[in-house]
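>>> give me a 3D structure for the following:
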Amino acid sequence: MKKLHFGLFENAQANDSGRATWRHPDNQRDQYDTLEYWTRLAKICEEGGLDFLFLADAWGWAEVNGVRPDIASVEGLDLPRLDPFIVASAILAHTKQLGVVMTGSTLLEQPYAFARRMATLDQLSGGRTGWNIVTTGTADTAVKAFGVPMVAHDERYEMADDFVRLVYKLWEGAWEPDALTKDKQGNFADPAKVHTITHEGPYFTSEGYGNSSYSPQGTPVLFQAGASPAGRSFGGRHGECMFVGGGTAEQLAAHSTAIRQAAVDSGRSADSVKVMAEFRCIIGDTTEEAQRRYDEVLASQTAEVTVASYAWFTGLDLSAYDPETPMTDLHTELSQSQVSRFAGMTVGDVLKDWHEHGVGSKAFVGTAEEVADHVIALAEGGDLDGFLLSPVIQPGSTIDFVEKVLPILRERGAVASSEGATLRERLTESGSATLPDEHPAASARVY
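Numbering: from 1, shown residues only. All right, here's what the predicted structure looks like:
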C-alpha cells in the first residue's frame, strides 16, 4: 500500500478556486484577513499531522468583455486578497514542523528580490518552505496592473525556465553551505566560499553577489501544476511535487505516467517527482447527511458568479457562446488547462460543472470510512504520492478530514511517516535537506 503525503490547499482571500461560498453560515473564510484565522488553521494542520499548507495566489481579477462585473465585488470572488509570503511568515512563526508552500509568479516577480524573500523564509523556518512555480494564469489583467507586456502561454514557460535557472544560481552557487563561520575570533564568513554569479538569459540578467546566504534547503521544495504540454515539460525538468487536479483513477494515472515520463525525458528518475492530486470531500455520519451538507454549500453560492469566475481563469466569456458550443472550439492564452480539461463537453455543460466546484475537483460526499476508501483507491489506481485537501468550508472541512479520515488512513498504513526537520526531508524521504545531484539546480553549485 502506498504511503501518502497530505497538504492543505488554501487561498489568502474570502473564496477559493473560482467559487463564492463565503455566505455559508459555517464558513469562516471571510476572516481570511485576520491573524487569528491563519494561526488557528496552522495549528489544526500541524496537530492533525499534515505535511504542509499550500498558499495559492493570483494577481489578476475577473473581467467579462474588459469590465469587472459587479458580482465579483458583491461576492468577493477574486479581490481583495493578501500577500501569501506575509501570511506564510505568520504561519511559520506559530508552527514548528508544518511546511508552507508559497505561490510566486515567474512573469511578474523579479528573480533577485524573489530569491532573497524565499531564502529569508527558509532560513527563519529552519527549512520548511516550498515554492509553487506559476507563470500566472490570470495574466491578461495582471499585466495591465503591472504595466508589463503580455507574454503568450507557451513562451511564459520559456521565461519561467530562465527565471528558475537564475534563482538556482543565487540559492545554490552564491554562498556555499558552510560559508558562514560566525567565528568571533576570526571571520563571520569565509570569503573563499562566497561567490559572484553571472546570468545572461533571454529574459533575465544578473551579476553580483547573492543577497542571502545558503538556507537550510538551499532551494525550497519546488511545486508546479502546469497541465499543458509546455507546463508538463517544465515540471519534468524542475518540479519535485507536481500538483494535478481531480478525476477518476484512470485519468489520474494518465497524468502520473506523463509527468514521470517528462522527468525521465529531462534526465531525472521517474520517482524524483511526487504526484499529488487535489481532493475535496464532505463528510457526514451517514452518506445522506453528507449529501445534505453539500447541498447546503451549493445553495450558498449565487448562479451569477459562475460566468465571471470562469472568465477570471481563462479570459473567456462563456455567456457569449451558444450553450451547445463544443469547448474544443475555444482557445485562450491564459489557463489552457481550464479549457482542455473540459474536452468533449459543451459550454452549457461547463457552466453547470463550474458552478458546483469551479477550478477544483468535484467533492466526494460520504462517511469518513467511504472517504478513506476513495482516497486509497485513487492513490493506488492513479499512482499518486499524496493529496492536497481543498476544503469546501473552512475550518470545518479541514477539521473533519484530520480528525475523522486521517486516523482511519493511519490505521490502514496509508500515511507516510513524514520524518525530518525540513519540508524536503518530509516529502522525499531522502534523508537530505537539499536537492539531489540529478536536479538541474545542482549544476549551479560551485562546491
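
>>> find me the pLDDT at the residue lying farthest from the centre of the chain, would you?
Distance from the C-alpha centroid of the chain peaks at residue 185, with 45.0 Å (CA atoms, centre = their mean). With respect to pLDDT, residue 185 scores 96.

>>> distance check, it against residue 379.
54 Å (CB to CB, to the nearest Å). The way it works is simple: take the backbone N, C-alpha and C, and place the C-beta from them, glycine included.

>>> could you do residue 112 as well?
40 Å.

>>> about what we covered before: kindly list the main-chain dihedrals of the residue farthest from the centre of the chain?
The phi and psi values for residue 185, taken as degrees, to the nearest 10, are phi -100, psi 0.

>>> same check, this time on residue 366
Taking degrees, to the nearest 10 as the convention, residue 366 sits at phi 170, psi -170.

>>> swap in residue 77?
Phi and psi for residue 77, reported as degrees, to the nearest 10, are phi -60, psi -50.

>>> report the contact partners of the nearest residue to it once chain neighbours are set aside.
Nearest in space to residue 77, with sequence neighbours left out and distances taken as CB to CB, 6 or more residues apart in numbering, is residue 20 at 5.3 Å. Residues near residue 20 by CB atoms under 8 Å, 6 or more residues apart in numbering: 75, 76, 77, 301, 302, 305, 309.

>>> swap in residue 22?
Residues near residue 22 by CB under 8 Å, 6+ apart: 14, 15, 29, 30, 75, 76.

>>> separation between the second one and residue 85?
Distance, residue 15 to residue 85, using CB to CB: 20 Å.

>>> next one: residue 338
Distance from residue 338 to residue 85, counting by CB to CB: 25 Å.

>>> can I assume residue 293 is in contact with residue 281?
No. Using CB atoms under 8 Å, residue 293 makes no contact with residue 281, being 10.7 Å away.

>>> please enumerate the helices of the stretch 151-300 of the chain.
Assigned helices in the stretch 151-300 of the chain, in chain order: 153-168, 229-238, 249-265, 287-299 (criterion: DSSP state H, counting those that start in this stretch).

>>> please tabulate the ones you listed in TSV, including the columns mean pLDDT, mean neighbour count and distance to residue 442.
Compiled in TSV, the helices of the stretch 151-300 of the chain are given as follows (pLDDT from 0 to 100; neighbours: other CB atoms under 10 Å; distance: least, CB to CB, whole Å):
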stretch	mean pLDDT	mean neighbour count	distance to residue 442
helix 153-168	96	21	9
helix 229-238	94	22	12
helix 249-265	95	17	15
helix 287-299	93	16	46
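
>>> would you turn those helices into JSON lines with distance to residue 141?
Formatted as JSON lines, those follow (distance: least, CB to CB, whole Å):
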{"stretch": "helix 153-168", "distance to residue 141": "15"}
{"stretch": "helix 229-238", "distance to residue 141": "20"}
{"stretch": "helix 249-265", "distance to residue 141": "28"}
{"stretch": "helix 287-299", "distance to residue 141": "28"}
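
>>> out of those, nearest to residue 314?
Taking CB to CB, helix 153-168 is the member of those nearest to residue 314, at 11.1 Å.

>>> cool, thanks, signing off.
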